[in-house]
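# Got a predicted structure here, sequence first:
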Amino acid sequence: MYTIEEFIEQADKSDGLLCYGIGRMFKRFQQIFQGHEILNKVALCIDREASSYAEGIDFNGRKLSVCPPEELSSFKNTNMVLLITNAYYDQVIEDLNEKGLLEGIRYYCFAHIEGMFWEAEAMKKQIPENCHITEEQIIPKVIHYCWFGGNPIPDKHKKWMESWHKFCPDYEIREWNEENYDITKNEYMYEAYRERKWGFVPDYARLDIIYQHGGIYLDTDVELIQSLDDMLFQEGFCGFESNDSVALGLAFGAAKGCVAVREMRDEYQERKFIKADGSLNLIPSPVYQTAYLKKKGLVCNGEYQIVNGMAVYPEKMFSGKSGYTRRIQLTSYTKSIHHYEASWVDEKKRKSFMLFEKEMNS
């Protein structure tokens, strides 16, 4: 396995860098190396949908051409380096090898580099000691979760939930469902419930539950790897799922009556799940949560900060697993692993996520 330093050294010595894939992982590459000279080495982008980018794409203040994968053959035995910026990199490598397009080309996978980057960044993003910590515990030792629809909880979710007992043995664990929670109290939530879009029903409910009772909320696809005891000495907390997005479903908690939680909850009073044209509002909740926190001063840099009384923690605090590569990436301060079951997407997309994860871990 190569190192980040080796990749940078080889890229510096090369005549240019080719990037395969111009989607979300390509943007992550730009974010991580923002301000680094290596971005100036990118000479060309390669994508299967190249025909859609006839005018090229904007990159680091200049225009880059986008070519189909077959163009790789012209770089055989040259001094160019290929960086695969595609989450499905295993499949990309397999496909390119079958076509003989990787022969005579040095290549690296950004997914590996990203994992190494987080290891290196762990020491730079240590949580400040006693920062915004109260002298007394103000968040109760209660873990809340929602399970609507009446279907049995899947076995793999039960396994992840066992970790809650392991690392928080003296916490009350409370399930909320249609038997003990009024799903009609908010129109957005009730519309999502009637449409059987179970992944959207808790978007309002978890905020309301934490505001009314206090405690910690976890989605059922969250696995704990550390105790949450030190999270209880603050008004509220949540975490980045990427440098530019906060997600409460990873794990969040607050004292009863937390203002920030109430304000995020109350925004749902004006929100509709079924739009005027009859289509569904499938915007995932992190979009709304991040927008609210940005209005209150959040800087989307992945760094620890306090926003309207809520402590927002670095990305790997509560995510612990890449939503792009589906590989586990831990730091010394990681509390939990979010397994990204993707209950908010349609069944076809969810199955594709699960298949990809199986391939990544085989």
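Structure's in. What do you need? For clarity, every value in this text was computed on a predicted model and none was experimentally measured.
# Please make it C-alpha for all contacts and neighbour counts, starting now.
Will do.
# The closest residue in space to Pro286 that isn't next to it in sequence - how many residues pack around it?
If the residues on either side of it in the chain are set aside, Pro286 comes closest to Ala247, at 4.7 Å by CA to CA, 6 or more residues apart in numbering. Residues contacting Ala247 under the criterion other CA atoms under 10 Å number 22.
# pretty sure Ala247 contacts Gly239?
Yes: the pair formed by Ala247 and Gly239 meets the contact definition of CA atoms under 8 Å, at 6.4 Å.
# one step back: contacting residues for the residue nearest to Pro286?
Listed by CA atoms under 8 Å, 6 or more residues apart in numbering, the contact partners of Ala247 are Cys238, Gly239, Phe240, Glu241, Ser285, Pro286, Gln289, Thr290.
# In terms of model confidence, name the weakest of the residues you listed.
Of all the contacts of Ala247, the model is least confident about Glu241, whose pLDDT is 89.
# Next up, the contacts around Ile209.
Ile209 makes contact with no residue under the criterion CA under 8 Å, 6+ apart.
# In three-state terms, label it for me.
With DSSP: H, G, I helix; E, B strand; the rest coil as the basis, Ile209 sits in helix.
# Next one, pLDDT for it please.
The model reports Ile209 with a pLDDT of 98.
# Tyr193 versus that one, what's the distance?
Using CA to CA, to the nearest Å, Ile209 is found at 17 Å from Tyr193.
# Next: Tyr88.
Separation of Tyr88 from Tyr193 (CA to CA) stands at 33 Å.
# Break the protein down into its structural domains.
The chain is divided into the following domains under automatic domain parsing: 4-123, 126-316.
# Share the number of residues neighbouring the closest residue to Cys168 other than its chain neighbours, please.
Spatial nearest neighbour of Cys168, excluding adjacent residues (CA to CA, 6+ apart): Ser227 at 5.7 Å. The number of residues packed around Ser227, counting by other CA under 10 Å, is 16.
# thought Ser227 was touching Phe167?
Yes: in this structure Ser227 lies within contact range of Phe167 using CA under 8 Å: 4.7 Å.
# where along the stretch 251-362 of the chain do the strands fall?
Taking DSSP state E, counting those that start in this stretch as the criterion, the stretch 251-362 of the chain carries its strands at 252-254, 305-307, 310-313, 336-338.
# okay, these, which one's buried deepest?
Ranked by mean neighbour count under mean count of other CA atoms under 10 Å, the strands of the stretch 251-362 of the chain are led by strand 252-254, which reaches a mean of 29.
# That one - which strands sit beside it in the sheet, and in what orientation?
Here the strand partners of strand 252-254, with direction, are listed using DSSP bridges: strand 215-217 (antiparallel), strand 236-242 (antiparallel).
# re the thing from before, would you format the strands of the stretch 251-362 of the chain as CSV with mean pLDDT and distance to Val201 included?
Supplementary listing: the strands of the stretch 251-362 of the chain in CSV, determined by pLDDT from 0 to 100; distance: least, CA to CA, whole Å:
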stretch, mean pLDDT, distance to Val201
strand 252-254, 97, 17
strand 305-307, 92, 26
strand 310-313, 93, 23
strand 336-338, 90, 19
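# who's in contact with the spatially most central residue of the chain?
Residue closest to the average C-alpha location in the chain (CA atoms, centre = their mean): Glu241, at 3.8 Å. Under the criterion of CA under 8 Å, 6+ apart, the contact list for Glu241 reads Ala247, Leu250, Glu315, Lys316, Phe318, Ser319.
# My read is that the fourth one contacts Thr334, right?
Yes: in this structure Lys316 lies within contact range of Thr334 using CA under 8 Å: 5.6 Å.
# who's more crowded, these two?
Between Lys316 and Thr334, counted using other CA under 10 Å, Lys316 has the larger neighbour count: 28 against 20.
# Return the per-residue confidence for that one.
pLDDT at Lys316 comes out at 82.
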